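Novice: Quick one: sequence plus predicted model below, questions after.
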Amino acid sequence: MAVLQQYKCPCCGGAIEFDSDIQKMKCPYCDTEFEMETLRSYDEELKGDRDDDMKWEKEPGGQWQEGEADGLRVYVCNSCGGEIVGDDTCAATSCPYCDNPVVMMGQFANELRPDYVIPFKLDKEDAKAALKKHYKGKRLLPKVFADENHIDEVKGVYVPVWLFDADADAHIRYKATKVRTWSDSKYMYTETSHYNITRDGLISYEKVPVDGSSKMQDALMESIEPFRFEDAKDFQTAYLAGYLADKYDVDSEQSIIRANERIKKTTEDEFRSTVVGYTTVYPETSNISLKNSEAKYALYPVWLLNTSWNGERYYFAMNGQTGKLAGNLPLDKGAYKRWLFGLTAAVSAALFGLSYLLWLL
């Protein structure tokens, strides 16, 4: 099958074509002309375009050794259906995600064994103190919330996380412009120069985390990153004593989608930061291929806090290693309206001042 190559005008996006009268390529829409030599290198770039190839090679996790999982029990939430793992001494009475009762179902088996675990470094009291500190400085938080909200549950949970290593080989092309203006006694002139910019390179990624639990919101888990992997230990069931461990219900294959999104965005952001000195820069094509890809299975420490106020529930998560905390807070609508009114007034005053200055000039 014949493939037709179409060139887009960098000025207006229209299809350009060869003009036999001027022996150049010309856009019939905006009349911009292009030298043939200029488009030759661009043609080579177009031939090199290809789709992303973000495939992963190795499976994470391992097999439990004989007798290693004998002391583990599975708790099933009656509400959300989540399966939570704890030891046989764990007095689990409610789900750390939705706070509804859980039922002990039996021994833990037939699952992948984690490769690593990051042990808890902070305890329950640290989590409570971090929550109180989190309230401070929040100007739109109801003033009585910090005093009246009640902490219903604080639980330490090992959240299942898939860790992805890969080398990202990227080829990205940009359209860019430089705009120069000047004037004489009669006219104002504007000159726009167009550029075709390419970036090629390799970025290596280690331990890109993706939450393996559907109950734990990705946005909340990512908000308490980073976790310091240098503190990770080879997995032992002893680390679970006194805590819960959520069983993964999003496997590594499903998690690859999110891993690829994170790798692709970071790669494109890093390459874009190298394109400087232009008035405008727009990505035209982006191709990323993964090499030496590998995934591991780990458990990350998280304190989950459930609070209630005015009949509403609020959920928070704290990094059990670093103490970083995130979660939802109520909004004082009156304070928000006053803040919005003040912002609008400030912007209006600034615009009035600018208009007055221009009138004086």
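Specialist: Happy to help now that I have it.
Novice: list the helices and strands the helix or strand harbouring residue 261 packs on?
Specialist: When secondary structure is defined by DSSP states H and E, residue 261 falls within helix 252-272. Where contact means 3 or more CB pairs under 8 Å, 6 or more residues apart in numbering; DSSP states H and E, helix 252-272 is packed against strand 150-183, strand 188-211, strand 280-309. Bear in mind the C-beta positions are built from the backbone N, C-alpha and C, glycine included.
Novice: Take the ones you listed and write them to a markdown table, including mean pLDDT and mean neighbour count.
Specialist: Compiled in a markdown table, those are given as follows (pLDDT from 0 to 100; neighbours: other CB atoms under 10 Å):
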| stretch | mean pLDDT | mean neighbour count |
| --- | --- | --- |
| strand 150-183 | 90 | 18 |
| strand 188-211 | 93 | 14 |
| strand 280-309 | 90 | 19 |
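Novice: If you count neighbours, what's buried in the helix holding residue 261?
Specialist: 252, 255, 256, 258, 259, 260, 263, 264, 267, 268, 271 (16 or more other CB atoms under 10 Å).
Novice: Closest to residue 207 out of those?
Specialist: If you rank the buried residues of helix 252-272 by distance to residue 207 using CB to CB, residue 259 comes first, at 10.8 Å.
Novice: Return the residues in contact with residue 168.
Specialist: When the contact criterion is CB atoms under 8 Å, 6 or more residues apart in numbering, the partners of residue 168 are 202, 203, 204, 205, 263, 264, 267, 288, 289, 290.
Novice: brain fart, residue 264
Specialist: If a contact means CB under 8 Å, 6+ apart, then residue 264 has 52, 54, 168, 286, 288 as its contacts.
Novice: Leaving out the residues flanking it, which one is nearest to the first one?
Specialist: Think residue 52. Beyond its immediate neighbours in the sequence, the residue positioned closest to residue 52 (CB to CB, 6 or more residues apart in numbering) is residue 288, lying 5.1 Å away.
Novice: Bridge partners for that neighbour, pull those for me.
Specialist: Assessed by DSSP bridges, residue 288 has beta-bridge partners residue 170.
Novice: That one touches residue 267, doesn't it?
Specialist: Yes: with the criterion set as CB atoms under 8 Å, residue 288 and residue 267 qualify as a contacting pair; they are 5.8 Å apart.
Novice: and for those two, which residues touch both?
Specialist: Contact criterion CB under 8 Å, 6+ apart; residues bridging residue 288 and residue 267 by contacting each: 168, 170.
Novice: Measure how buried residue 326 is and give me the count.
Specialist: The burial metric for residue 326, expressed as a neighbour count using other CB atoms under 10 Å, is 18.
Novice: what about it, distance to residue 130?
Specialist: Using CB to CB, to the nearest Å, residue 326 is found at 10 Å from residue 130.
Novice: And for residue 194?
Specialist: Counting by CB to CB, the gap from residue 194 to residue 130 is 52 Å.
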